[in-house]
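Chemist: Sequence unavailable; structure follows:
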């Protein structure tokens, strides 16, 4: 009987140990899943800084982004982030281990100014504690750090005012207890605003400021504006067209070959937009490109008794005769060929 009792006791101990090991393994996997889940929020924080880092750098109050839907730029809510389209579709607010995450934006250096730097912390709202809910579960934190692949930071017991990570330390917000873990997003390369920093060279999407470019600008693609186009000097159209030849963009303008006028694209063909007609001329049977008195009567558009390209002469007058002493004078106007 004694042997059976010993065997039963050993089996009971093994069962308890296996159950505890399995429970710990489940918690380790949850900690790893928590780190993976938080990376989606980290991407949203990165987009937030990329879009609004300039305004945050020059903000003199926490409501500087109220017009963008963020009541407090230093602690934007996930509902605000979701309304701005920054949170991935289907991302849940609560993750493994029942933890929720917050987003805290920190400024360091002289802000606003050239030395201003921004960082965003995607952090757990509660510390990673053991099952008793009292002490930090350092094994759980270690599993989280491994899943974060060196990008995680922790407020360790005894040093909760500092976030420690792989070769890096950051000041932690004063209200954070030990055991909080966070992923960091830096706004490296963001141009701060205000102070002695000249913002005129920098633009952002939907910026209402006039950039007042002081140099040339070259654009490879089309430029489309919502209002009028103004030029202080002149507008140069480099590529010319030929009247009555085909064109693709209805209402487009170009110059006529030889810079003889402006062409307008109408009904798929270039039409003259700045010339009333092709001119006209007189031809005398004896004087040539002149009248009976010898005065020059050539076409001012061509410089002789001819019509411009794609125009044809149409006789409109005929006086005298070939046999009379005055000779015969014939008048022509130049009509566009259709």
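Modeler: Structure received. Since the structure is predicted, the reported quantities are computational estimates derived from the model, not experimental observations. Numbers count the residues shown, from 1 in each chain.

Chemist: Quick one: low-confidence residue ranges for the stretch 101-250 of the chain.
Modeler: 113-114, 167, 187-212 (pLDDT under 70).

Chemist: can you give me the strands for it?
Modeler: 101-108, 117-124, 152-154, 162-165, 168-171, 181-186, 240-241 (DSSP state E, counting those that start in this stretch).

Chemist: on contacts alone, who are the packing partners of the first one?
Modeler: Contacts of strand 101-108 with other secondary structure elements, assessed using 3 or more Cβ pairs under 8 Å, 6 or more residues apart in numbering; DSSP states H and E, are made with helix 2-58, strand 117-124. Yep, even glycine has a C-beta here, placed from its N, CA and C like the rest.

Chemist: want to try JSON lines for the strands of the stretch 101-250 of the chain, with distance to residue 288 and mean neighbour count as columns?
Modeler: As requested, the strands of the stretch 101-250 of the chain are arranged in JSON lines below (distance: least, Cβ to Cβ, whole Å; neighbours: other Cβ atoms under 10 Å):
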{"stretch": "strand 101-108", "distance to residue 288": "86", "mean neighbour count": "18"}
{"stretch": "strand 117-124", "distance to residue 288": "83", "mean neighbour count": "22"}
{"stretch": "strand 152-154", "distance to residue 288": "96", "mean neighbour count": "23"}
{"stretch": "strand 162-165", "distance to residue 288": "96", "mean neighbour count": "18"}
{"stretch": "strand 168-171", "distance to residue 288": "93", "mean neighbour count": "12"}
{"stretch": "strand 181-186", "distance to residue 288": "84", "mean neighbour count": "22"}
{"stretch": "strand 240-241", "distance to residue 288": "32", "mean neighbour count": "18"}
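
Chemist: Quick one: closest of those strands to residue 309.
Modeler: Among those, strand 240-241 comes nearest to residue 309, with 12.1 Å by Cβ to Cβ.

Chemist: what does that closest one rub up against?
Modeler: The contact list for strand 240-241 (Cβ atoms under 8 Å, 6 or more residues apart in numbering) reads 247, 254-259, 263, 270.
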